[in-house]
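Asks: got a predicted structure here, sequence first:
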Amino acid sequence: MIGSREFWVFVGVGGVATGAHYALLVALVQIFHAEPTLASTAGFVLGAVINYILNYRITFRSTRAHASAVPRFIAAAASGMLLNALLVALGVHGLRVHYLVAQVVSTTIVLFWNFAINKYWTFSGPLPCPPVKH
């Protein structure tokens, strides 16, 4: 998994989406004084849109129809967003670390979750039918 081409392309694509996520997070916290967990969640949504487009086309080269892939991606992204929010909230409010430290730790953990769920569920092609025995 980690040594695969798909994983490293996923990391590169994720870097673009993560840059957008962090830019929105920092802007919302520093300029608009938003609560860090909510700002992180807004950034996550922006990153998810970028991730869908790039991962569908580049990383996984999916052949799954968008009508099937989009609902799966939304469910997968929602699970990653929930995990991200929980980890950031734990870091900021529980462990009292700086919001960016909490976000970096969360990003690292959520990366592996998102890769696995997107590779094996969201963007996987339809399973082949078993051979029919006559």
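Replies: Nice, I can see it. Numbers count the residues shown, from 1 in each chain.

Asks: helix or strand right after the longest helix along the chain?
Replies: When the chain is parsed with DSSP state H, its longest helix is helix 5-30. Using DSSP states H and E, the helix or strand that follows helix 5-30 in sequence is helix 36-54.

Asks: tell me which element the most centrally placed residue in the chain falls in.
Replies: The structure's the chain has its C-alpha centroid closest to N114; by Cα atoms, centre = their mean the separation is 5.1 Å. In the assignment (DSSP H and E), N114 maps to helix 99-117.

Asks: picking up where we left off before, grab the nearest non-local neighbour of the residue nearest to the centre of the chain.
Replies: Nearest in space to N114, with sequence neighbours left out and distances taken as Cβ to Cβ, 6 or more residues apart in numbering, is G80 at 4.8 Å. C-betas here are computed from N, CA, C, even on glycine.

Asks: how close does the one you found get to Q30?
Replies: In this structure, G80 and Q30 are 24 Å apart, going by Cβ to Cβ, to the nearest Å.

Asks: okay, those two: which has more neighbours?
Replies: For G80 against Q30, the residue with the higher neighbour count under other Cβ atoms under 10 Å is G80, and the figures read 22 against 10.
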